[in-house]
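> Sequence first, predicted model second:
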Protein chains: 2
Amino acid sequence: MGRRERKKAATRQALADAALRLFTERGYEEVGVREIADAADVSVTTLFKHFPDGKEALVFDQDEDREAALVAAVRERPAGQSVPRALHRLLLGAHSRRVHTDPRFDDFLRLIDTTPALREYARRMWLRHEQALAAAIAEDAGLAADDPGCRALAHFALEAPALVRGSHDPDTALDRVFDLLDHGWTGTGAC
Amino acid sequence: MGRRERKKAATRQALADAALRLFTERGYEEVGVREIADAADVSVTTLFKHFPDGKEALVFDQDEDREAALVAAVRERPAGQSVPRALHRLLLGAHSRRVHTDPRFDDFLRLIDTTPALREYARRMWLRHEQALAAAIAEDAGLAADDPGCRALAHFALEAPALVRGSHDPDTALDRVFDLLDHGWTGTGAC
DNA sequence: CTAAAAAGCGTAACAGCTAAACTTTCTTAC
DNA sequence: GTAAGAAAGTTTAGCTGTTACGCTTTTTAG
């Protein structure tokens, strides 16, 4: 990797770090974009060159390959397990794996949970995987890639985690949601 | 109704009319808030006093009682009909009733469909009824008002129309979505 | 070595939106 | 009928995120 790309990645990282630090310190709405640029010692125009999607994108620097995990959960599930069950298992494990790994990760989650604008943005990013997930489900069931039933299942599965947020017992609530989807899916023909 | 309230309603109407006219003429993004205020012959601050939710709210002036219709569809459905089926029927009829009634209504729908910001806002408004609908479903099924399964059904039912938008055959797609929900709901215990 | 590509800068502006202090208009209670 | 007060509206001024434009510096590639 050349010096150019290294420096580019460095400023991008500096921006994301400064943003996350300031946000967690004083709250998302209380920190302006000009201040973040200053903290990273960069101009505002440069900030927006690195994060063209705007202020919210500063928080979601590491956008990992969760799409691959979703597709894999469908494709490589154990024999006899339904698609909704496989997704259920995946979405249950998604949280607990990291909460105990990275100490700063709790702040990160709390920040998103607390800030409406960030919740909306996170939802949008998350739902981008709908198409890929629907395609994987459709292929598995031998249906057309844009089959409405598959798209519905994919959409509902992806929205499930946000739906159970705020319950006094999120895990049980998620069980209930996927019970609905599982019975619906297996009962509708495409087993 | 006194003169005061009449005048207030008049300016509000003037704002909404001017906004809708300008938006349909030149597109939502091409019309600024200052221009709308000018067209209605009021100041910008006055505009925001009438529509504190912002520019998007100017389009959704008449906010009717669709929540009552949703709750009624659940409560007063024919004996033996499942809750998802009742909602399915309601959501199917919602469109066709008005398209042939009001000529300007087509422009209104096209404007919303074309503009991402308005789609998002409409979705938010629509999903506000989730809690009331979930409560009605829960009461009907003899469950707690915040039961996760009921909330999931309400949420998914409300999202169904947006989910099938863009399909080459939206009605059939909606059938598929509600097949999923119907089988899931009746199969999960609460018939 | 040189030239183009790319990162960054500063200014300036535009969008939506809000606060503050002030004027006008309507209502209401005396 | 009139005076007090609430409510609608105005002006001004400003703050936010975001973008266009033209310019300088750095890095890479031929």
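Ah, there it is.

> CA only for contacts and neighbour counts going forward, please
Fine.

> before we move on, what SS does A:Glu30 have?
Of the three states, A:Glu30 takes coil under DSSP: H, G, I helix; E, B strand; the rest coil.

> Skipping adjacent residues, who's closest to it in space?
The shortest distance from A:Glu30 to any non-neighbouring residue, by CA to CA, 6 or more residues apart in numbering or on different chains, is to A:Phe23 (7.7 Å).

> Please enumerate the helices of chain A.
A:3-26, A:33-39, A:44-50, A:66-75, A:83-99, A:105-114, A:116-127, A:130-141, A:148-164, A:170-187 (DSSP state H).

> Point to the residue nearest the middle of chain A.
Taking CA atoms, centre = their mean as the criterion, A:Trp126 is the residue nearest the geometric centre of chain A, at 4.1 Å.

> Kindly state the pLDDT recorded for that one?
We note a pLDDT of 96 for A:Trp126 in this prediction.

> Setting aside sequence neighbours, what's the nearest residue to it?
Nearest residue to A:Trp126 in three dimensions, chain neighbours excluded: A:Leu158, at 7.3 Å (CA to CA, 6+ apart).

> and chain A, which residues reach chain B?
Counting by CA under 8 Å from any CA of the partner chain, chain A comes close to chain B at A:148-149, A:152, A:156, A:160, A:163-164, A:173-174, A:176-177, A:179-185, A:187-188.

> PyMOL command to pick out the buried ones of the residues you listed?
Filtering those down to the buried ones (16 or more other CA atoms under 10 Å in any protein chain shown) takes a single PyMOL command:
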select buried, chain A and resi 148+149+152+156+160+163+164+173+174+176+177+179+180+181+182+183+184+185+187+188
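
> ok, and for stretch A:106-114, which residues are buried?
Neighbour-count burial for stretch A:106-114, counted by 16+ other CA under 10 Å, picks out A:108, A:111-112.

> Also stretch A:143-162?
Within stretch A:143-162, the residues scored as buried using 16+ other CA under 10 Å are A:145, A:147-161.

> just for chain A, where's the confidence low?
Applying pLDDT under 70 to chain A flags the ranges A:63, A:94-99, A:189-191.

> from it, which residue is nearest to chain B?
A:Gly184 (3.4 Å; CA to the nearest CA).

> residues touching that residue, list them.
Applying CA atoms under 8 Å, 6 or more residues apart in numbering or on different chains, we find A:Gly184 in contact with B:179-185, B:187.

> what do you get for A:Glu159?
Residues near A:Glu159 by CA under 8 Å, 6+ apart: A:Leu127.

> Please apply the same query to the one 5 residues further on.
Taking CA under 8 Å, 6+ apart as the criterion, A:Val164 is in contact with A:170, A:173-174, B:148.

> Which residues of chain A lie near DNA strand D?
Residues of chain A found near DNA strand D (CA under 7 Å from any atom of the strand) are A:2-5, A:29, A:31-34, A:44-45, A:48, A:52-56.

> Distance of A:Leu109 relative to DNA strand C?
Remark: distance between A:Leu109 and DNA strand C (CA to the nearest atom of the strand, to the nearest Å) = 26 Å.

> Could you do A:Asp61 as well?
A:Asp61 is 15 Å from DNA strand C, where distance means CA to the nearest atom of the strand.

> Hmm, A:Ala16 and that residue touching each other?
Yes - between A:Asp61 and A:Ala16 there is a contact under CA atoms under 8 Å: 6.4 Å.

> which of the residues of chain A next to DNA strand D are buried?
The buried subset of these - by 16+ other CA under 10 Å - is A:33, A:48, A:55-56.

> Pull the most distant pair out of these.
A:Phe48 and A:Glu56 (11.3 Å; CA to CA).
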